[in-house]
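Peer 1: Predicted structure and sequence below. I'll ask about it afterward.
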Amino acid sequence: MEFSLAYAQQQDEQDTLRRFRDEFLFPKHEGKDVIYFCGNSLGLQPKRTRAYINAQLDNWEQYGVEGHFMSDTPWMYYQKTTKESLARLVGASPMEVVAMNQLTVNLHLMMLSFYRPTAERYQIIMEAAAFPSDQYALESQARFHGFDPEDAIVELHPREGEYTLRTEDILATIRKHKDSLALVMLGGVNYYTGQFFDLQKITEEAHRAGALCGFDLAHAMGNLPLKLHEWNVDFAMWCSYKYLNSSPGGISGIFVHERHSLNPETPRLAGWWGYQESTRFLMKKGYVPEPGAEGWQMSNVPVLTMAAHRAALDLFDEAGIENLRAKSIRLTNYFEYVIREINKKAGFEKFIIITPEKPEERGCQISIICKEGGRNIFDALMAAGIVGDWREPEVLRFAPVPLYNSFADVYRFGEVLKGLI
Ligand SMILES: Cc1ncc(COP(=O)(O)O)c(C=O)c1O
């Protein structure tokens, strides 16, 4: 690798996915596209999204209520248009997934089904300093069931002097709590450090302990290929506005393993849209769930946000998550290399990378601690048209996203960063 524009441009020329960059709309800075490394927070707008939404507005104009049956893709079944693409991304059968609601709402709905504490088995293992919404959700779930969160929630902390969790420590904690453990609930990729957990090993250990295991995939979905079915994960949920580029606050989704989702006895809260599809409109008393994840739906489909989702998922179908991952590893490795080159020039570790070094333990996010003046550096980058994000208390996060970022973006970022130290 080389920290030079010539090297970066050569990598871009060899990039078989480079045409996808042109599928996106970039915000402008002084008349030019910004360098956007914030897809871990909000993905960019695909150019085609507007047309997909407009098509549904046209259907609405033309058909009114009849659009439920008469539009090109009848709204009655609109959620089905995303299931195959979502299933490919998470490694599941289409029956095991559905797009619905928002992420934290889905987390609660999944907890209501899969956190069924008893007096003996009531503890939940989660990451310390997980994304706040997850902390609040789990804390309130523990209280909802009459437990003290201080006792019911077991937090995983990195070892002294380390930033990320060791798999062996996660597994040991599960074993230690095996008699009282009800659930393991982690992020698939930690939002702060970018660490990708070993979902398969964690799920196996949770099951050995007699507990269930679920993941918040907000930062994993569309970032890494997943195999939730094969890994035997019990449930998962994600958002679609980060790597999936499906609009701000866009629709969330869930995975429920078939051993639970095909079982009509699996407890859940019900609404009419999860009712068995063939007889839903007979409007009968007594809830009969549609088999599969669709049996967790409550409300009818928000077609406009689902249209934005459909537009973005088409790009993933065209690019292929395995191809994206291959580029992502190279691009993220280059990003890391550039930071290390800048540290060499500084003569000390000015930028401490806290994301794991091994590609199999991270997606495309690099989190950096800059002990002195981190916030000022972040502000100066933004002022120079480089968009990352800042997470209190001291982390700069950047996501070189394979769908729309280039090696030249990484090089240019490096040049600006070097100039700031
Ligand atoms: C890991 C994680 N969990 C939960 C959320 C909350 O998502 P929402 O506001 O869509 O419920 C986020 C949002 O960024 C997140 O990153």
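Peer 2: On my side now, so go ahead.

Peer 1: how about the closest residue to the ligand within the stretch 201-350 of the chain, secondary structure?
Peer 2: Residue nearest to the ligand within the stretch 201-350 of the chain (C-beta to the nearest ligand atom): Ala218, separated by 3.6 Å. Placement of C-beta: from N, CA and C, glycine included. For Ala218, the assignment made with DSSP: H, G, I helix; E, B strand; the rest coil gives coil.

Peer 1: Who's the closest spatial neighbour of it, skipping the chain neighbours?
Peer 2: Nearest residue to Ala218, sequence neighbours excluded (C-beta to C-beta, 6 or more residues apart in numbering): Cys239, at 5.0 Å.

Peer 1: what sits against Trp75?
Peer 2: By C-beta atoms under 8 Å, 6 or more residues apart in numbering, the contact set of Trp75 is Gln56, Asn59, Gly67, His68, Asn300, Val301, Val303.

Peer 1: Can you pull the phi/psi pair for Phe196?
Peer 2: Dihedral angles phi and psi of Phe196 (degrees, to the nearest 10) take the values phi -100, psi 120.

Peer 1: Kindly provide the distance from Ala380 to Tyr78.
Peer 2: Counting by C-beta to C-beta, to the nearest Å, the separation of Ala380 from Tyr78 is 45 Å.

Peer 1: Tell me the spacing between Gln11 and Ser406.
Peer 2: 8 Å.

Peer 1: what do you get for Leu417?
Peer 2: For Leu417 relative to Ser406 (C-beta to C-beta), the value is 17 Å.

Peer 1: Neighbour count for those two, which is higher?
Peer 2: Neighbours were counted for Leu417 and for Ser406 using other C-beta atoms under 10 Å; Leu417 has more, 23 against 20.

Peer 1: Surely that one and Leu381 touch.
Peer 2: Yes - proximity of Leu417 to Leu381 meets the contact threshold set by C-beta atoms under 8 Å, at 7.0 Å.

Peer 1: After the helix or strand of the chain with the lowest mean pLDDT, which helix or strand is next?
Peer 2: Among the helical and strand segments of the chain, the one scoring lowest on mean pLDDT, DSSP states H and E is strand 389-391, with a mean of 91. Next in sequence after strand 389-391, counting helices and strands by DSSP states H and E, comes strand 395-398.

Peer 1: Packing partners of that following strand?
Peer 2: Secondary-structure packing of strand 395-398 (3 or more C-beta pairs under 8 Å, 6 or more residues apart in numbering; DSSP states H and E): strand 366-369, helix 374-383, strand 389-391.

Peer 1: and with 7 Å instead?
Peer 2: Counting contacts by 3 or more C-beta pairs under 7 Å, 6 or more residues apart in numbering; DSSP states H and E, strand 395-398 is packed against strand 366-369, strand 389-391.
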